[in-house]
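Visitor: Fold the following, please.
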Amino acid sequence: MEGLTADRPGRATDRQTCRGGGSPGRSRLSEPVSRPRIAGVQCMTVPGYSKGFGYQPGQSFSGEFDHAWNAVFLEERWHLVDSTWGSGLVDSSTSKFTFLYNEFYFLTHPALFIEDHFPDNKNWQLLKPPQSLRQFENNMYHKSEFYNKGMLSAQPQTSIIKTGNRGRLRKNGMKLDVYPPTAGDHKLQIFAKGNSEIYSSVLEYTLRCHCADVDVRLPAELHQPVGPSWFSEQMGITKPSHTEPVIYTSDGRCSVSFGVEEGISVLASLHGDDGPVTEETQRRYIFQLHREKRTELKVQLPHAGKFALKIFVKKRQEPGNYLFVFNYLICCTNTKVNWPVFPESFGNWGVDNELLEPLSGVLPANRNVPFKLKLHGIAKALVKGQDTWPLTLSPEGYWEGSCSTAGCREVYVMVLENANHSFYSYILKYQVNAQ
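Guide: Okay, the predicted model is just below:
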């Protein structure tokens, strides 16, 4: 390993071996150099081009070779070895070499080795038919960690993509949509992790964008994954009404529903980058209903724009916080949209309750407002403003009635859970517009 240098940053090269001890001219490198059989193994030094750290997808190779590796003869056949890359790499921030064993580069299959090693002598590709230098330059480059993490393939199979950032998990992979912020060339890096919590770079693309849509700005709170996936199903959310990750709405309203496994509690919040959606009200633009083992989320946007609808779950009987599962991207271009918040619900609002009206959490002043709700397991229900207005149970199972908003700033829906009790519980709260 003597003579280690960083001719190509990030991957050490053995300059002395690469040049065969002579001048850097190409003619001296046309044939591999045989090395002594110290371990009784025939070993050849193979010079060529490499896609190491600092490599730009789609770049051309010419002139002096930048690297060298070995071919060894074992069990009646030749194998490819890069003991330099297999022993470690150079840290780009410190320019120091770090020893880190990478088994991928020892006896690597030729079809994988050619992705980042192009020998001067095409015979040392050990491929039939061999690749041309142009193919090597244009081919997609999967880093060693791509295969070490158990990944199989990636689309597109070209290193340069001619034209967006949104990810969606699938059962056996992930789909990624990318929105470049400006025209020009952009580097896209894909990271993955295996059994550890450390992400490694596995793929690199160059995005060649001739025209960018400057109006496309995704919410900062739009985290991965976007859209339901095998992971959300694993967490107890099944059969979603919207399988695609993006929801378009022309009037600023939408409804999302999905099956929920027994014992799972769902929480949702709406996030935008500007406007009146604050931490206090980000859940007030969503009203949650539960019907026959399905949860429905009614959403009203406060204004036009792009919003992240984030979905969290937890097991009701277990302590701890809700866990983020996935989110939708909700898009609305209608500048006339200006929906108020839904009514505020309290802990006694049952998961199987249903609110039909009023859905707006802000009521007009000096009006008689009708109420219609489906409430389970209660004895009485009433609406309290300046006065108290009882709700009656209809033959269809709905509690109905009306309330005057005159002379009050807040209106509450209250229930009596047991006819033998005298204590009413708050379940909904409305605001009344100022006169």
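
Visitor: where do the helices sit along the protein?
Guide: 15-18, 83-87, 110-113, 133-138, 144-148, 230-234 (DSSP state H).

Visitor: okay if I get those as JSON lines plus mean neighbour count and mean pLDDT?
Guide: In this view, the C-beta of every residue, glycine as well, is placed from N, C-alpha and C. What follows is these, written out as JSON lines (neighbours: other CB atoms under 10 Å; pLDDT from 0 to 100):
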{"stretch": "helix 15-18", "mean neighbour count": "19", "mean pLDDT": "34"}
{"stretch": "helix 83-87", "mean neighbour count": "19", "mean pLDDT": "90"}
{"stretch": "helix 110-113", "mean neighbour count": "16", "mean pLDDT": "92"}
{"stretch": "helix 133-138", "mean neighbour count": "15", "mean pLDDT": "89"}
{"stretch": "helix 144-148", "mean neighbour count": "19", "mean pLDDT": "79"}
{"stretch": "helix 230-234", "mean neighbour count": "14", "mean pLDDT": "91"}
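
Visitor: Serialize those helices to TSV and add fields for distance to Gln300.
Guide: Shown next, in TSV, are these (distance: least, CB to CB, whole Å):
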stretch	distance to Gln300
helix 15-18	65
helix 83-87	56
helix 110-113	52
helix 133-138	50
helix 144-148	43
helix 230-234	23
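
Visitor: From Pro130, how far out is Gln59?
Guide: Distance from Gln59 to Pro130, counting by CB to CB, to the nearest Å: 21 Å.

Visitor: Those two: which is more packed in?
Guide: Ranked by neighbour count (other CB atoms under 10 Å), Gln59 and Pro130 place Pro130 first, with 17 against 11.

Visitor: mind checking pLDDT for that one?
Guide: pLDDT recorded at Pro130 is 94.

Visitor: In contact with it: list those residues for me.
Guide: 122-123 (CB atoms under 8 Å, 6 or more residues apart in numbering).

Visitor: If you count neighbours, what's buried in stretch 422-435?
Guide: By neighbour count on 16 or more other CB atoms under 10 Å, the buried set for stretch 422-435 is 424, 426-428, 430-432.

Visitor: Could I get the average pLDDT for stretch 204-217?
Guide: 74.

Visitor: Sorry, slip of the keys, the one I care about is stretch 337-357.
Guide: When pLDDT is averaged over stretch 337-357, the result is 85.

Visitor: got the buried residues for that stretch?
Guide: Across stretch 337-357, burial judged by 16+ other CB under 10 Å covers 337, 339-345, 349-350, 353-355.

Visitor: on that earlier part again, go through the buried residues of stretch 422-435 and flag which are in strands.
Guide: Per DSSP state E, strands hold the following members of these: 426-428, 430-432.

Visitor: Let me know the closest of these to Cys403.
Guide: Lowest distance from Cys403 to those (CB to CB) belongs to Tyr430, with 9.1 Å.

Visitor: you'd agree Ser255 is up against Val299?
Guide: Yes - Ser255 is within contact range of Val299, at 7.1 Å (criterion: CB atoms under 8 Å).

Visitor: Pick out whichever of these two has more residues nearby.
Guide: The neighbour count for Ser255 versus Val299, taken as other CB under 10 Å, is higher for Val299 (22 against 14).

Visitor: For that one, which residues are in contact?
Guide: 253-256, 270, 285-286, 309, 330.

Visitor: how much space between it and Arg217?
Guide: According to CB to CB, Val299 stands 20 Å off from Arg217.

Visitor: Could you do Asn334 as well?
Guide: 17 Å.

Visitor: For Gly343, which non-adjacent residue is spatially closest?
Guide: You called it Gly, but residue 343 is Pro. The shortest distance from Pro343 to any non-neighbouring residue, by CB to CB, 6 or more residues apart in numbering, is to Gly361 (4.1 Å).
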